[in-house]
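*Asks:* Kindly return the folded structure for what I paste below:
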Amino acid sequence: MAIYAIADLHLSDVLDKSMDIFGKHWENHMEKIEEAWLSMIAPEDVVLISGDISWAMKLSDAVPDLNRIARLPGHKYIIRGNHDFWWNSIGKVRGVLPQGLYAIQNDSVMLSDSTALCGTRGWVVPGAAAFDGEDRKIYDREVGRLKLSLDHAKRRNPERIVVMMHYPPVNDRYESNEITALLEEYGVSHLVYGHLHGVSHGYPFEGERNGVQYRLTSCDYLRFKPVLISE
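*Replies:* Here you go, the predicted model:
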């Protein structure tokens, strides 16, 4: 079993919202992803999709996009991104997910006998230029959700914990915060995230820090090819 990751698919079967307006490189972006996916990923592999999955506004409108992902090889795991407005209650989301597609929220799953997967959306972190009092409330809630997910995983006694987030875990000065502290406290081995596009690719937070491997997986940053996280 290999673990791959990619984020920010921004599908739009029902809404018909093209990503081409964000640059020529986005033309036919899902076809590029599918071509790479089919050449790289086996049915037994795992693919982590860290949010911004569909432009749909309603859950029913997101179903064609979810089905498109489900038809691809591998076991796919998703979390909510800031543009996933279709994602309402986790029970309703899980109720429409096709076989082979799984959603994480406030809990964890075992990818193997030894590896647990956790996840939460995240939010703008302290120290970021746009961080304000309202952001603090949402950020604190997301820290709590991450802890719930990690606690759920710890009860399974895994040898390794992998975490998915949509938002970057640090600000643009790479300062530590409650999120990085939790990742280190719980012995997380890998953290994958998305959300960043365009000029933000110039300063991604990647590599190993205090035992955690960080990886930016926005699909345009990856040139629309899932990236191998672990074999």
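
*Asks:* List the single closest residue to G100 in space, sequence neighbours excluded.
*Replies:* A70 (5.1 Å; Cβ to Cβ, 6 or more residues apart in numbering). Backbone N, C-alpha and C define where each C-beta goes, glycine included.

*Asks:* Can you show me the strands along this protein?
*Replies:* 3-6, 46-49, 75-78, 101-103, 108-110, 115-120, 160-165, 188-193, 207-209, 212-216, 227-230 (DSSP state E).

*Asks:* can you give me the helices in this structure?
*Replies:* Here the chain has its helices, by DSSP state H, at 29-40, 59-70, 90-96, 133-154, 178-185.

*Asks:* So what touches the last one?
*Replies:* Pointing back at helix 178-185 there. 122, 125, 142-143, 146-147, 150, 163, 165, 169-170, 191, 209-212 (Cβ atoms under 8 Å, 6 or more residues apart in numbering).

*Asks:* backbone phi and psi for the residue nearest the centre of the chain, please?
*Replies:* By Cα atoms, centre = their mean, the chain has its centre lying nearest to S50, at 1.1 Å. When read as degrees, to the nearest 10, the backbone of S50 gives phi -90, psi 60.

*Asks:* Make 54 the starting number, not 1.
*Replies:* Okay, residue one is now 54; in that scheme the one you just asked about reads as S103.

*Asks:* what sits against it?
*Replies:* 58-61, 132, 134, 172, 217-219, 245-247, 270.

*Asks:* What pLDDT is listed against it?
*Replies:* S103 is assigned a pLDDT of 98 by the prediction.

*Asks:* Tell me the spacing between it and R208.
*Replies:* Distance, S103 to R208, by Cβ to Cβ, to the nearest Å: 23 Å.

*Asks:* Also L164?
*Replies:* For L164, the distance to R208 - Cβ to Cβ - is 16 Å.

*Asks:* Same drill for these two, tell me which one is more crowded.
*Replies:* A direct count of neighbours by other Cβ atoms under 10 Å for L164 and R208 places L164 higher, at 19 against 10.

*Asks:* which ones are touching that one?
*Replies:* By Cβ under 8 Å, 6+ apart, the contact list for L164 reads 54, 56, 99, 128, 170, 215.

*Asks:* Select, from those, the two members most distant in space.
*Replies:* Greatest spacing in the contacts of L164, by Cβ to Cβ: H128 and V215 (13.1 Å).

*Asks:* So between the two, which is more surrounded?
*Replies:* V215 (26 against 19).

*Asks:* Alright, that wraps it up for me.
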